[in-house]
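Would you be able to build a 3D model of this:
(chains A and B)
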2 protein chains.
Amino acid sequence: MNSHGANIFEISKKNNIDLNEIMDFSSNINPLGPSKKALDYLKENLNLLSAYPDVDYVDLKNSISKYTSVSSENIILGLGSTEILKDSIKFFAPKKAMILSPCYSEYERELKAIGAEVFEFNLDESSDFKVDVEEIISNINDAKIELFVFANPNNPTGTIFTRDEIEMILNKTHVNLIIDETYVEFTDRDVFSSTKLIDKYENIIVVRGTSKFFGLPGIRLGYGLTSNRNLLLNYEENETLWEINSAADICGRVMFSDDEYIQKVFNFIKDEREKILSELESIKNLKAYESYGNFILVKILDGMNSTSLREKLIEDKIIIRDCKTFKNLDDSFFRFCILGKDENEMLVEKLRKFYEVK
Amino acid sequence: MNSHGANIFEISKKNNIDLNEIMDFSSNINPLGPSKKALDYLKENLNLLSAYPDVDYVDLKNSISKYTSVSSENIILGLGSTEILKDSIKFFAPKKAMILSPCYSEYERELKAIGAEVFEFNLDESSDFKVDVEEIISNINDAKIELFVFANPNNPTGTIFTRDEIEMILNKTHVNLIIDETYVEFTDRDVFSSTKLIDKYENIIVVRGTSKFFGLPGIRLGYGLTSNRNLLLNYEENETLWEINSAADICGRVMFSDDEYIQKVFNFIKDEREKILSELESIKNLKAYESYGNFILVKILDGMNSTSLREKLIEDKIIIRDCKTFKNLDDSFFRFCILGKDENEMLVEKLRKFYEVK
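Predicted coordinates for the structure are as follows:
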């Protein structure tokens, strides 16, 4: 298993399951698939693969600029959000950094790779993994944290800061922020996204991908939003000539303006999330946590642990994420993402069978 | 102009020429276009963009392995050959490095970026830019060069080493070699490619791309071939989770085994190269150099310099590469690549007009 969910190629081979039949509840990819407009546009323009990409990616950056309301010159591109994350961490090169615990494992990996001391802010199960921003602020100041890397909302707990809270952190500390907004599009961007802070603060970068909400992990298109001159300059000096390939460029030029698609994905996930959460409430031995993403964290109160549950579900071609590899969690937790209506119902039914109806 | 030829997007806008009408003799891209099999396969498998790429790229590496006869575990992938070049230079981190002059400008840029002292081995016009391998060897030994980065054949001069000569360098020095084989597929690989040295020597890496011969600069697929354990390990530790996207992966799985296509491209370039060279011989004030690539270097013996020639030809939607930005060359040199029959004839005709028939 890699840190982005299951390696479905491996599972498919090992368990002799057709790749197309696997219900992958572990990868947090929007089940409606990519924007048809974007894929059609790519199909019609495959001839562009015979030319070098525009080295300045003018059209793509304009498209992202319209979508995020951040000006083109404050946009950087990367081979997926992971590359932007990695490069930003290298740029800030903090001696002391802070992450939430549990969180996406790459933050710690990249921070340790550059020799940073990593403070883990433990999210507390007893308060449903929610966090008080004043507590974050005093922790940053007390430990003299130079860089705070977090996802908003946080995976796998769904912990979220409002933009106002993030601005409070910026005003009451001297910390740099890397804000991973991989899942922010599944919630109310007006309240939670930090894109509006980009012009005002130089010490933040917002990192976004197109794998989860836009359902195109195959194109590896990530982008960063920042007004930090040195970071932008550093990026320009260190980048290879082309940061992304033309397939990513072409899809990106279209998908960010496919408003109908964007609304449809948002509504679908919202509705299914509410439905599933209400159904899980009726299952006696499970506790599901509130979520702002397209995934739900569940605690097993009694019964088969999540490792066994995962194994058991693979027999039915269902893959969930057991949470024992997340720090501060254990095998009483699992996470799954929202797939299509039928798949979701099937999963809930299995869980009901295993963990009893109230 | 970037170092890969003209920025046709810019030229198109500035001169109000339709992008599709530009005859780009500057980018060294095979004019027959990409393998139809590969593009069709991509078109049929666009649904794979909705999943993460195989993190191990098993199928793609097997395909490259069959094509190069280098085992899968000695293959690394990158976002174009430029990324592999850059990372390899960082890995070898030489204090003293050597390049040929003139050569592709990225070698020096990347070497200087890591603080290496760069020795330029000047290719001599008087010997038609050919080089004596014994001279290279004594230069490497005398200057205690740790890394020699060169393209084989070399762009823009066409200078080439046989594999036997390269093996001689390996046996008579302690130097590490980065061999950029971007253009080797346009010539006799059995004689000139160093892939057969990979298993025997740990101190070399062969770098290849798919932009020129395979005509797919848009997919940014490069690969490196090396048996150097430390380099392979370093790569594994520093790579982002996915090195290339699925579009590159999918095309790559098919194009390397499209033997018919590969033979066709090779034959076409060979025939056109011979034809053009013989036609250029009849033009009094031009001298063309022997070439092993899909490009030809030409010296203007008398008449309009290459800067003016380039400007003049843009009026006819023709873009050549003037060579004044190459070290050790000046604006009496230009380079052009082989395009389709009609385009080639048109260019030769223009040149005949400007530089007189003998």
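
does any bit of the longest helix seen in chain A sit next to chain B?
Assignment by DSSP state H gives helix A:259-281 as the longest helix of chain A. No - when contact is scored as CB under 8 Å from any CB of the partner chain, no part of helix A:259-281 falls within range of chain B; the minimum is 12.9 Å. Using the backbone N, CA and C atoms, a C-beta is placed for each residue, glycine as well.

Could you list every helix and strand that that helix packs against?
Helices and strands in packing contact with helix A:259-281 are listed as strand A:286-288, strand A:295-300, helix A:341-355; criterion 3 or more CB pairs under 8 Å, 6 or more residues apart in numbering or on different chains; DSSP states H and E.

hmm, try it at 10 Å
helix A:36-44, helix A:246-255, strand A:286-288, strand A:295-300, strand A:333-337, helix A:341-355 (3 or more CB pairs under 10 Å, 6 or more residues apart in numbering or on different chains; DSSP states H and E).

where exactly do the helices run in the stretch 101-250 of chain A?
Assignment of helices within the stretch 101-250 of chain A using DSSP state H, counting those that start in this stretch yields the ranges A:106-113, A:133-142, A:163-172, A:189-192, A:229-238, A:246-255.

mind giving me CSV with the ones you listed and columns for distance to chain B and mean neighbour count?
Written out in CSV, the entries for the helices of the stretch 101-250 of chain A read as follows (distance: least, CB to the nearest CB, whole Å; neighbours: other CB atoms under 10 Å in any protein chain shown):
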stretch, distance to chain B, mean neighbour count
helix A:106-113, 8, 18
helix A:133-142, 28, 15
helix A:163-172, 26, 16
helix A:189-192, 23, 14
helix A:229-238, 8, 14
helix A:246-255, 3, 26
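
want to throw these into JSON lines with distance to B:Phe9 and mean pLDDT?
Output for the helices of the stretch 101-250 of chain A, formatted as JSON lines (distance: least, CB to CB, whole Å; pLDDT from 0 to 100):
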{"stretch": "helix A:106-113", "distance to B:Phe9": "34", "mean pLDDT": "95"}
{"stretch": "helix A:133-142", "distance to B:Phe9": "44", "mean pLDDT": "98"}
{"stretch": "helix A:163-172", "distance to B:Phe9": "36", "mean pLDDT": "98"}
{"stretch": "helix A:189-192", "distance to B:Phe9": "32", "mean pLDDT": "95"}
{"stretch": "helix A:229-238", "distance to B:Phe9": "18", "mean pLDDT": "91"}
{"stretch": "helix A:246-255", "distance to B:Phe9": "12", "mean pLDDT": "97"}
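
can you redo the ones you listed as CSV with distance to B:Asn285?
Below are the helices of the stretch 101-250 of chain A laid out as CSV (distance: least, CB to CB, whole Å):
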stretch, distance to B:Asn285
helix A:106-113, 58
helix A:133-142, 71
helix A:163-172, 66
helix A:189-192, 64
helix A:229-238, 42
helix A:246-255, 40
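
coming back round to it: okay, the longest helix of chain A in PDB with CA atoms only?
Included here for helix A:259-281 are C-alpha records, laid out as PDB according to Å, rounded to 0.1, in the frame of the first residue of the first chain:
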ATOM      1  CA  ASP A 259     -18.900  24.700 -14.000                       C
ATOM      2  CA  GLU A 260     -21.700  22.300 -14.500                       C
ATOM      3  CA  TYR A 261     -19.400  19.400 -13.800                       C
ATOM      4  CA  ILE A 262     -17.900  21.000 -10.800                       C
ATOM      5  CA  GLN A 263     -21.400  21.700  -9.300                       C
ATOM      6  CA  LYS A 264     -22.500  18.100 -10.100                       C
ATOM      7  CA  VAL A 265     -19.600  16.500  -8.300                       C
ATOM      8  CA  PHE A 266     -20.000  18.800  -5.300                       C
ATOM      9  CA  ASN A 267     -23.700  18.100  -5.000                       C
ATOM     10  CA  PHE A 268     -23.300  14.400  -5.500                       C
ATOM     11  CA  ILE A 269     -20.700  14.000  -2.800                       C
ATOM     12  CA  LYS A 270     -22.600  16.200  -0.400                       C
ATOM     13  CA  ASP A 271     -25.800  14.200  -0.800                       C
ATOM     14  CA  GLU A 272     -24.200  10.800  -0.500                       C
ATOM     15  CA  ARG A 273     -22.100  11.900   2.400                       C
ATOM     16  CA  GLU A 274     -25.200  12.900   4.300                       C
ATOM     17  CA  LYS A 275     -27.000   9.800   3.400                       C
ATOM     18  CA  ILE A 276     -24.100   7.500   4.400                       C
ATOM     19  CA  LEU A 277     -23.500   9.300   7.600                       C
ATOM     20  CA  SER A 278     -27.100   8.900   8.600                       C
ATOM     21  CA  GLU A 279     -27.100   5.200   7.700                       C
ATOM     22  CA  LEU A 280     -23.900   4.700   9.700                       C
ATOM     23  CA  GLU A 281     -25.600   6.200  12.800                       C
END
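
In contact with A:Ile283, which residues?
A:Val298, A:Leu301, A:Val348, A:Leu351, A:Arg352, A:Lys353, A:Phe354, A:Tyr355, A:Glu356, A:Val357, A:Lys358 (CB atoms under 10 Å, 6 or more residues apart in numbering or on different chains).

which phi and psi does it have?
The main-chain torsion angles of A:Ile283 are listed as degrees, to the nearest 10 and equal phi -100, psi 120.

Now do the same contact list for the nearest residue to A:Tyr355 once chain neighbours are set aside.
Ranked by CB to CB, 6 or more residues apart in numbering or on different chains and with sequence neighbours excluded, the top spatial neighbour of A:Tyr355 is A:Asn285, at 4.1 Å. With contacts taken as CB under 10 Å, 6+ apart, A:Asn285 has the following neighbours: A:Lys299, A:Ile300, A:Leu301, A:Asp302, A:Gly303, A:Met304, A:Leu351, A:Phe354, A:Tyr355, A:Glu356, A:Val357, A:Lys358.

let's see 7 Å
Neighbouring residues of A:Asn285 by CB atoms under 7 Å, 6 or more residues apart in numbering or on different chains: A:Ile300, A:Leu301, A:Asp302, A:Gly303, A:Tyr355, A:Glu356.

And for A:Gly33?
Taking CB under 7 Å, 6+ apart as the criterion, A:Gly33 is in contact with A:Gly215, B:Ser50.
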